[in-house]
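Enquirer: Requesting a structural model of the entry that follows:
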Amino acid sequence: MKKEGLILKGLAGLAAALLLVSCNALVRESQSGTLLLVDSITGTNLEGEESDYLQSDVLFQDPSTGSESIFADSAVVTFRAELLDPNSSMGPSVYNDIQVTRYVVTFSLPDGSNAEGQDVPYAFEGSMAAFVRVGSTRDVSFIIVREVAKLEPPLVSLADGGDVLEAIATVDFYGKDMAGKTVKASGKLTIFFANYANN
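Expert: Numbering: from 1, shown residues only. So this is what the prediction gives:
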């Protein structure tokens, strides 16, 4: 009876462990033994300085000529790759390195509104070629606001007035380790859209 009790306890423990794993979103979305992390996403302020937000000018007017232009906005993501099991007796290998291949940007307002083309710009996907070695970090620049977004609602309406639209960009990054297993990581950046004065 004692032996059967021990077996039942062992099976119960195994079932509980499997349940925890199946409920872990990270494990469900990543098959790799390497964890891809987003340490930060930074933008620039009006002075062009790096900041933890982005001030996006929806319409640039050259102060000397008066000509108007529209530019995309970029951001910088800092990736970090770590072993999912840091105590593994095998240790890291080249198969644990990560190649990030694409990203998806979606927008929402602080109150949760996210109707594309009405409340916020349309979501989009971009390609990326970033190699991140396990145990290290890597900074990568990428487009977070496209030019076309500034020609469509709701951003195009900001060109005529002094309004500011605060939005949150959620960026999902996708890739694979060198063994071909998928990885995913996410980060956020607050963006302030407006027709800022150009001096």
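Enquirer: where's stretch 101-117 relative to the chain centroid, distance-wise?
Expert: Taking CA atoms, centre = their mean, to the nearest Å, one finds stretch 101-117 lying 11 Å from the centre of the chain it belongs to.
Enquirer: Not counting its neighbours along the chain, what's nearest I168?
Expert: S108 (5.3 Å; CB to CB, 6 or more residues apart in numbering). Where C-beta positions appear, they are placed from N, C-alpha and C, glycine not excepted.
Enquirer: Look up how far S69 lies from the residue most central in space within the chain.
Expert: Against the mean C-alpha coordinate of the chain, by CA atoms, centre = their mean, the closest residue is V171 at 2.7 Å. Applying CB to CB, to the nearest Å, the value for V171 to S69 is 25 Å.
Enquirer: before we move on, what about E147?
Expert: 9 Å.
Enquirer: Show me the helices in the protein, by range?
Expert: Ranges of helices in the chain, per DSSP state H, are 2-23, 25-29.
Enquirer: Show the pLDDT at G180.
Expert: Per-residue pLDDT puts G180 at 96.
Enquirer: Now for it, how many residues are close by?
Expert: Under the neighbour criterion other CB atoms under 10 Å, G180 is assigned a count of 10.
Enquirer: ranges for the strands of this structure?
Expert: Secondary structure of the chain by DSSP state E: the strands cover 34-44, 50-51, 53-57, 60-61, 68-69, 73-83, 98-108, 124-132, 137-145, 165-177, 182-194.
Enquirer: angle of the third one against strand 182-194?
Expert: Per axes from the mean of the first three to the mean of the last three CA atoms, to 10 degrees, the angle that strand 53-57 makes with strand 182-194 is 50 degrees.
Enquirer: angle of strand 53-57 against strand 34-44?
Expert: Using the same axes, to 10 degrees: strand 53-57 against strand 34-44 is 50 degrees.
Enquirer: sorry, back to before: residue contacts, the residue nearest to the centre of the chain?
Expert: Contact partners of V171, counting by CB atoms under 8 Å, 6 or more residues apart in numbering, are V38, I41, A75, V77, Y103, V104, V105, I144, S186, G187, K188, L189.
Enquirer: doesn't G126 make contact with the fifth one?
Expert: Yes - between Y103 and G126 there is a contact under CB atoms under 8 Å: 5.4 Å.
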